[in-house]
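S.K.: Sequence below, structure please.
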Amino acid sequence: MAQAVMERTGRHAFLVSTGILLTRLAGLLRASIFVHFFGLSPESDAFFAAVKIPNFLQNILGEGSLSASFIPVYARLLAEGDAAEADRVAGAVGAILSLTTSVLVLLGILAAPWLIDVIAYGFKDPTRRDLTIRLVRILFPGVGLLVPSAWCLGILNSHRRFFLSYTAPLAWNSSMIITLLVFGGTPLGRFAVILAWGSVIGSAFQFAVQMPMVLRLASHLRLSLDTHSEHVREVLRNFVPVFFARGVVQISAYVDNWLATLVSLGAVAGLSIAQMLYTLPVSLFGGAVSAAELPAMSSALGARAEVEAYLRRRLDRGLRQIAFFIVPSAMGFLAMGGVIAAAIFQTGRFRQGDSDYVWGILAGAAVGLLASTLGRLYSSTYYALRDTRTPLRFAVIRIALTASLGYVCALHVPRWIGIDAKWGVAGLTVSAGIAGWVEFTLLRLTLNRRIGRTGLPASFVARLWIAAGCAAVAGWAVKFAIGGHFPKLSAIPVLGAYGVIYFAATYVLRIEECVGTLKRFF
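M.R.: This is a model prediction of the structure:
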C-alpha cells in the first residue's frame, strides 16, 4: 500500500531553505563586494558573461538533471531496502558523469573564442572580448568540478541529508569573498583574472566538503562505467530528455545574455545582478520545497490510485507553501526593488542610478515569479512519476516564447515607446515571465488529466496578493516618512514594515501557512 502517513518534509524543506539562505546571503555579500570594486564596468560585463558560458555544464549536467533522473531511481532503491544496488547505480552515474564533464571541459577551453563570438556577440571591442575569452578558459575547469558536486547532492538528498548539500556552496562563496578582499584595488582586468582563479579553488572546496559524508552513507560506492544494470540504464534514459530540457533552458539564458550585449554597456552586469535577487526566492522557497518533496514523492509505493492521491496531497500542500512566500517576494520586487538593490549593492562604483536600473529589471521579473516557482514543483512531480519528457516539451515552448518576445521587448519596444534603450533588459524579464505562465499552465493542465485535480484555490491566492499589497503600502509609507538618504540603514525599517504587515495581514486573513511559519520560530 502507499504510505498511510505522509512523510513529513516540513523539516527537510526548512533545512534546504536554511542552507540556500546561508548560501545566497554569502552570494549577495560576494556580489556587493564585487560591484563595489567593478561597478557596471566593461570588466564587470566580461566577468559576468564569462561565468555564464561554462555554467552550461553545471546547468545541463548538474543539480537539475540529476534531481530529475538519478534521485527518483536511487531513492526508490533505498526505500525498497536495496542499498547495494543503490550504491552500484550511484557509482556508475558518478563515473559516466565525470568522464562526460572532462570531455566537455576540454572542448569548452579550446572553443572559447567561438563561444564568445556566439554568446557575447555585442562585445566588439578587442579588450573586453580578449578578457572574456581568458576568463572562460580559467573558469571551465572550476565549473566542471561543480558537476560531481551536484552528484554528491543527489546522494545526500536521497538520504535526507539536505543541510550539508545546500550549504556546501558556502565554500565557493568564501573563496570568492576572500579573493575579492585580499586583491581589492588591483587594476580591474588583472583583478578579474585573479577572481576567476579564486572561483576554481572554491569549486574544488565545494566538492571536497561533501565527499566524506557521501562515502559514509554509500559505503559500497565504487566508480565504474558499468551500464549493465537496468537501474543505471533507467537513469540514463531519463537523463536524456532532462539533458535536452536543461540545454533548452541554458540556450534561453544565452539568448538573454546575447540580447543584453546588444542593448547597452552595463546591461549584462545589470541583468546578472538582478538575477541574483529574483532567483533567491525561487531557490529559497520553490527550490527548497521541490528538493524536499522529490525524494518523498519518488519513494511512494502502492496501487496507482493510492500513489496518485498521495502525490496530489503532497503537491497541493507544497504549492501553498511556495505561494505564501513567493507572492510577497514578487510584490516586493515590483514595489520596492530599488530599496532592495540599494541596500545590498549601492556602494563604491555602484550608484543610485544603477540601483534604479536593477529595480526596473526586478519589476519585470515579478511578472512571472510565481508561475516559474510553482512550475518547479509540478516538474518534480512529473520526475517522481518517471516522466522527464513532458516537462521537456513544455520547456521548449517556454524558451521559444521567451526568445521571440525577448527580441521584440529588448530591442524594439524601448524605441517604440520612446525610452532609453537600456531599459530593454527589463523587457527580457517581462517576456520570460509571460512565457513562464504559459509553461506553468501547460504543466498543471496535463498533470491534472493524469493524476486528478491539483492547484491553488483562487481565494487563497487573492488573499495573499491583498496581504502583499497592504504590506507594500506600509513599506512605502515608512519610506516617505524617513527618506532614503542612507539606503542601507533606511532599508531596515522599510522592509521590516513590509514583512511585519504581510504576516499580520495573512494572520488576520486566516492563512494557515502564516500560523505554521510563526510557530516554527516562536
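S.K.: Hmm, residue 132 and residue 123 touching each other?
M.R.: Yes: the criterion here is Cβ atoms under 8 Å, and residue 123 meets it with residue 132 at 6.1 Å. C-beta coordinates here come from the backbone N, C-alpha and C atoms, glycine included.
S.K.: Specify which residue of these two has the higher count of neighbours.
M.R.: More neighbours surround residue 132 than the other of residue 123 and residue 132, with 27 against 22 (other Cβ atoms under 10 Å).
S.K.: Please report how far the closest residue to that one other than its chain neighbours lies from residue 181.
M.R.: Among residues not flanking residue 132 along the chain, residue 46 sits closest, at 4.4 Å (Cβ to Cβ, 6 or more residues apart in numbering). Note on residue 46: its distance to residue 181, by Cβ to Cβ, to the nearest Å, is 21 Å.
S.K.: Looking at those two, which has the bigger crowd around it?
M.R.: Neighbours were tallied for residue 46 and for residue 181 using other Cβ under 10 Å; the higher tally belongs to residue 46 (29 against 10).
S.K.: For whichever strand or helix holds that one, which helices and strands make contact with it?
M.R.: Using DSSP states H and E, residue 46 falls within helix 42-52. Other helices and strands packing on helix 42-52, by 3 or more Cβ pairs under 8 Å, 6 or more residues apart in numbering; DSSP states H and E, are helix 10-38, helix 112-119, helix 126-158, helix 188-217, helix 230-263, helix 267-281.
S.K.: Of all the helices and strands in this structure, which has the lowest average confidence?
M.R.: Lowest by mean pLDDT, DSSP states H and E among the helices and strands of the chain is helix 55-61, with a mean of 67.
S.K.: What angle do helix 10-38 and the longest helix anywhere in the chain make with each other?
M.R.: Taking DSSP state H as the criterion, the chain has its longest helix at helix 304-345. Interaxial angle, helix 304-345 versus helix 10-38 (axes from the mean of the first three to the mean of the last three Cα atoms, to 10 degrees): 30 degrees.
S.K.: Give me the angle between the helix or strand encompassing residue 382 and helix 267-281.
M.R.: Per DSSP H and E, residue 382 falls inside helix 369-384. Interaxial angle of helix 369-384 relative to helix 267-281 (the same axes, to 10 degrees): 60 degrees.
S.K.: Does anything pack onto helix 369-384? Which helices or strands?
M.R.: helix 63-79, helix 267-281, helix 288-298, helix 304-345, helix 389-411, helix 424-451.
S.K.: just how off-centre is that helix within its chain?
M.R.: Centroid separation for helix 369-384 versus its chain: 12 Å, with Cα atoms, centre = their mean, to the nearest Å.
S.K.: If you average the pLDDT over that helix, what comes out?
M.R.: Mean pLDDT, helix 369-384: 88.
S.K.: just to revisit the earlier point, closest one to residue 386 among the helices and strands packed on helix 42-52?
M.R.: Smallest distance to residue 386 across the helices and strands packed on helix 42-52 (Cβ to Cβ): 6.5 Å, for helix 230-263.
S.K.: mean confidence for that closest one?
M.R.: 71.
S.K.: and what of stretch 282-298?
M.R.: Averaged over stretch 282-298, pLDDT sits at 73.
S.K.: when you give positions from now on, start the count at 47
M.R.: Sounds good: first residue 47 from here, last item stretch 328-344.
S.K.: Just give me the neighbour total for the spatially closest residue to residue 418 that is not a sequence neighbour.
M.R.: Ranked by Cβ to Cβ, 6+ apart and with sequence neighbours excluded, the top spatial neighbour of residue 418 is residue 482, at 4.1 Å. Number of residues near residue 482 (other Cβ under 10 Å) recorded here: 23.
S.K.: Make sure residue 482 is actually in contact with residue 424.
M.R.: No: using Cβ under 8 Å, residue 482 is not in contact with residue 424; the gap is 11.9 Å.
S.K.: Mind pulling up the pLDDT for the residue nearest to residue 418?
M.R.: So, for residue 482, pLDDT stands at 90.
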